[in-house]
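> whatever this is, show me its structure:
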Amino acid sequence: MRDGMSAHRIRNIVGGSAGNLVEWYDWYVYAAFTLYFAPAFFPEGDRTAQLMSSAAVFAVGFVMRPIGAWVMGVYSDSRGRKAGLTLSVTLMCLGSLMIAVTPGYAQIGGFAPALLVLARMLQGLSVGGEYGASATYLSEMAGRKRRGFYSSFQYVTLIAGQLIALAVLLVLQFTMSEAALEAWGWRIPFAIGAVLAVVVFYIRRRLAETESFTNAKAADTPKSSGLNLFRDHPKQAFLVMALTAGGTLAFYAYTTYMQKFLVNTSGFGRETASQVMTAALFLFMCMQPLAGALSDRVGRKPVMVTFGLLGMVLTVPLFTALETVEDPVAAFVLVFAALVIVTGYTSINAVVKAELFPAHIRALGVALPYALANTMFGGTAEYVALWLKDNGMERGFYWYVTAMIGLSLIVYVSMRDTKKHSMILED
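Down below sits the predicted model:
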């Protein structure tokens, strides 16, 4: 596999990416349909209170992600990247199916939010393992010269999952009444996700294993474990957490929370907000391979530093302008500008993390520190934003995002460029 464009390599990258798409579709359907199902599970209080309850459950899913990252990171390092990818999609299928069939608060009382929490816990376990397994698989399967380009498809499919969730929302908004959507229509996308996960299960069973994993298994290498990760590779582990913090917070602020911001702060209707986000996310998705390919030419470090600088300077002005925007086209331009900025992180963060660790502990090294940072900053982004709004301090969230991007920028400036110092030895 010396040529980065080999048919074998591309076929497996496409196969791994397709599974990642469905995983993230299932994850993001929750955020896309929160405005509709929140009253079913949390019927009391005003809209912001209901959104806060739903955001809290969203955050619970993130709490499970470090556990999933730990368990399935070790599993992927010991049993193979393919095995980890297959297990993660199975858990996602179960979580989506549970949400699709769980009765509302009016039917079963407190059991409804309890079952919702359980379903999100299963999905959190799944996504926690998915990130490390897929980031490792795509980075190892890609050739040295095109590693940034091919690994960027993790976020192409991640964004595509979010985009498809929004597209399903738009279709249902167009074909169903608002009352029907709130009563039962919101269950449809979760059922779709469960069915697609079954299809992906069979796709992932046919993937090839990576050369890096095969070579690591043949060598006498230490066992993959949380203890060995933080004992033998503490610098790399904490580096992953630090470089993730600002990027993941910005990503969730600009994507999953932004749709609610357009409704709850800017004052757009739910349909208009969905249309703005769908258009912006589509272009955002298309930018990932371009930025990934750029990193193959100029290095990973300059791309991440650009995100850090622009994020620090423009986050507050962009959110402030969106507070009072009335024209959907203007809202689209502002949202897309924010997404252009965060592309410097999303397009290459997976390959940067994979290039920091040796193969025998790579899946765990990518997954666990990332999941810890993602839980602390990405998973709580919506709740922090809504809490600050509910307490009359909404702009404090803009400065919080800016500060965290600034802290990650310090890391980007000081770290070595992983393109030039990669631990992925196979080409």
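
> where in the protein is pLDDT low?
1-6, 43-52, 54-55, 58, 62, 426-427 (pLDDT under 70).

> was I right about Arg204 contacting Thr90?
No. Arg204 lies out of contact with Thr90 (C-beta atoms under 8 Å); the separation is 9.6 Å. No exception for glycine: its C-beta is placed from N, CA and C like everyone else's.

> the more surrounded of the two?
Between Arg204 and Thr90, counting by other C-beta atoms under 10 Å, Arg204 is the more crowded of the two (26 against 15).

> quick one: the more buried one from Thr86, how far?
Arg204 sits 5 Å away from Thr86, going by C-beta to C-beta, to the nearest Å.

> over to Thr34?
29 Å.

> just Ala218 next, same as before
22 Å.

> higher neighbour count, the two?
Taking other C-beta under 10 Å, Ala218 and Thr86 do not tie; Thr86 has more neighbours (20 against 8).

> pull out the buried residues from the one helix or strand the more buried one maps to.
Secondary structure from DSSP states H and E places Thr86 in helix 81-101. For helix 81-101, the neighbour count (16 or more other C-beta atoms under 10 Å) marks 81-89, 91-100 as buried.

> quick one: buried residues of the next helix or strand after that helix?
Using DSSP H and E, the next helix or strand after helix 81-101 towards the C-terminus is helix 105-108. Within helix 105-108, the residues scored as buried using 16+ other C-beta under 10 Å are Tyr105.

> any idea which helix or strand comes after helix 105-108?
Scanning onward from helix 105-108 (DSSP H and E), the first element met is helix 111-141.

> any idea of the angle that next one forms with helix 81-101?
If you take axes from the mean of the first three to the mean of the last three C-alpha atoms, to 10 degrees, helix 111-141 sits at 160 degrees to helix 81-101.

> same for whichever helix or strand comes after helix 111-141, what does it pack against?
Using DSSP H and E, the next helix or strand after helix 111-141 towards the C-terminus is helix 147-151. Helices and strands touching helix 147-151, by 3 or more C-beta pairs under 8 Å, 6 or more residues apart in numbering; DSSP states H and E, are helix 111-141, helix 270-298, helix 349-354.

> do that again at 6 Å, thanks
helix 270-298, helix 349-354 (3 or more C-beta pairs under 6 Å, 6 or more residues apart in numbering; DSSP states H and E).

> most packed of those helices?
helix 349-354 (a mean of 28; mean count of other C-beta atoms under 10 Å).

> packing partners of that helix?
Helix 349-354 packs on helix 111-141, helix 147-151, going by 3+ C-beta pairs under 6 Å, 6+ apart.
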